[in-house]
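**Q** Provide a 3D model corresponding to the input given below.
(one chain, ligands or ions: 2)
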Amino acid sequence: MPGKKVCIVGSGNWGSSIAKIIGHNVKASNRFDPIIDMWVYEELIDGKKLTEIINTDHENVKYLPGHKLPKNVIAVPDITEAVKGAKILVFVIPHQFIGKLCDQIKPHIMEGTIGISLIKGVDEGPDGLKLISDIIREKLEIDVSVLMGANIASEVADEQFCETTIGAKNDANGHIFKELLQTPNFRITIVHESDTVELCGALKNIVAVGAGFCDGLGFGDNTKAASCGVADLITTCYGGRNRKVAEAFVTTSKSIAELEAEMLNGQKLQGPQTSAEVYKILQKKNMVNKFPLFAAVYQICFEGKAVKEFITCLQNHPEHM
Ligand SMILES: NC(=O)C1=CN([C@@H]2O[C@H](COP(=O)(O)OP(=O)(O)OC[C@H]3O[C@@H](n4cnc5c(N)ncnc54)[C@H](O)[C@@H]3O)[C@@H](O)[C@H]2O)C=CC1
Ligand SMILES: O=C(CO)COP(=O)(O)O
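**A** Numbers count the residues shown, from 1 in each chain. Ligands and ions are numbered 1, 2, ... in the order given. Next comes the predicted model:
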């Protein structure tokens, strides 16, 4: 029986790192088709199409420069072409683009297709918070697992050791994804509580923005750790893009949007937007007071609250009263 075709939906910083892993792993297993299609949001780099550069030089020169992708990873600019015939879909795009993309993919979904989301973010549903995996699940009517962890893309691409978690409601599918994604330096644990895994991955980005504020304001380690938990939180609060841009927000007094464009060369922040989505949900549920850190990050990023008030917001936590 021929191996199942895999399509990677996305090709940013994390998408390209994951493509490196998947490209290698499919060669070692007859469960998968050895050719991988990777959907690339087309753009011109010095007048040349990014897909052509990737397919010729085997490097995503914009989003993961300095790393060669395996030659069996083929960049495809048309999403319908990329997903054609695929039974395994790996979603790895900034969360704000997922809804539209799923609508384009839907007519091409084959029976028995499964998906995994590596996307950190949330959306707002009619009853409150909506998981990105739920958007994919509902729009495409497929089983969706998630993968989240303390996984800064460039370090994974450098093959530095790290751990990650697959949340899989369907155990057998979780194991298929583990075979597709695990390497000696990218160790995977599978758990059933998929929603919890996804929620932690999404919400840590808001905390990372808070950590960047602390760095920008020159606070010490105790203060920064007051907003910090474990694993992905630690990583993101020291090494991530959300933290870096939030620090520059304090030291340059430019807007988050300006800094994102200036500092990230097309890469996208997930933290500020997640804080906005979460804030709206908390308001609807009358729960803003229970989440002072999330509320403060939102108000500083979007409502002009002075960043020097950041700690004041946290000092007034109801738990401390
Ligand atoms: N970069 C990292 O270290 C990690 C990222 N993640 C998560 O992975 C997800 C994807 O992030 P990255 O791969 O880092 O992306 P990125 O932030 O590096 O790149 C942005 C990507 O969005 C694409 N894009 C721009 N406009 C678009 C549009 N209108 N429609 C569709 N795509 C468009 C760009 O072509 C590019 O591929 C995010 O949810 C992020 O939180 C998770 C773990 C690590
Ligand atoms: O999710 C990440 C590390 O696990 C990357 O975080 P940033 O998007 O803040 O770089």
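
**Q** Let me know the secondary structure of N60.
**A** Secondary structure, DSSP: H, G, I helix; E, B strand; the rest coil: N60 is coil.

**Q** where exactly do the helices run in the stretch 201-321 of the chain?
**A** Chain-ordered helices for the stretch 201-321 of the chain, with DSSP state H, counting those that start in this stretch as the definition, fall at 221-225, 232-239, 241-252, 256-264, 271-284, 292-302, 310-315.

**Q** Nearest to G125, out of the ones you listed?
**A** helix 271-284 (8.6 Å; Cβ to Cβ). To be clear about C-beta, it is placed using only N, CA and C from the backbone, and glycine gets the same treatment.

**Q** residues in contact with the residue lying closest to C7 once chain neighbours are set aside?
**A** In this structure, C7 finds its nearest non-sequential neighbour in A86, 3.8 Å apart by Cβ to Cβ, 6 or more residues apart in numbering. A86 makes contacts with K4, K5, V6, C7, D37, M110, T113, as judged by Cβ atoms under 8 Å, 6 or more residues apart in numbering.

**Q** so L89 is in which element?
**A** strand 86-91 (DSSP states H and E).

**Q** Okay, now the sheet partners of that strand, with direction.
**A** Sheet pairing of strand 86-91 (DSSP bridges) gives strand 5-9 (parallel), strand 114-117 (parallel).

**Q** Format those as CSV; extra columns: mean pLDDT and mean neighbour count.
**A** Below are those laid out as CSV (pLDDT from 0 to 100; neighbours: other Cβ atoms under 10 Å):
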stretch, mean pLDDT, mean neighbour count
strand 5-9, 98, 26
strand 114-117, 98, 25
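
**Q** can I get these in a markdown table with distance to R241?
**A** Shown next, in a markdown table, are the strands paired with strand 86-91 (distance: least, Cβ to Cβ, whole Å):
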| stretch | distance to R241 |
| --- | --- |
| strand 5-9 | 20 |
| strand 114-117 | 19 |
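
**Q** where does V146 land in three-state SS?
**A** strand.

**Q** just checking, it touches I116?
**A** Yes - using Cβ atoms under 8 Å, V146 is in contact with I116, at 6.6 Å.

**Q** what sits in contact with each of the two?
**A** With Cβ under 8 Å, 6+ apart, V146 and I116 have common neighbours I166.

**Q** For the helix or strand containing I166, buried residues please.
**A** Under the criterion of DSSP H and E, I166 resides in strand 162-167. Neighbour counts over strand 162-167 (16 or more other Cβ atoms under 10 Å) mark C162, T164, T165, I166, G167 as buried.

**Q** Which members of those residues additionally contact ligand 2?
**A** Among those, no residue sits close to ligand 2 (Cβ under 6 Å from any ligand atom).

**Q** For A296, which non-adjacent residue is spatially closest?
**A** C313 (3.5 Å).

**Q** ah, wrong one, I meant G125
**A** Using Cβ to Cβ, 6+ apart, the closest residue to G125 is D134 (7.6 Å).

**Q** Now do the helix or strand the one you found falls within: which elements does it pack against?
**A** Take DSSP H and E as the rule and D134 turns out to sit in helix 132-140. On a contact count with 3 or more Cβ pairs under 8 Å, 6 or more residues apart in numbering; DSSP states H and E, helix 132-140 meets strand 86-91, helix 98-105, strand 114-117, strand 122-125, strand 143-148, helix 194-217.

**Q** got the buried residues for stretch 137-152?
**A** Those buried within stretch 137-152 under the rule 16+ other Cβ under 10 Å are 137, 139-140, 142-152.

**Q** got a list of what the nearest residue to A157 once chain neighbours are set aside touches?
**A** Nearest residue to A157, sequence neighbours excluded (Cβ to Cβ, 6+ apart): S17, at 4.2 Å. Listed by Cβ under 8 Å, 6+ apart, the contact set of S17 reads L64, H67, A153, S154, V156, A157.
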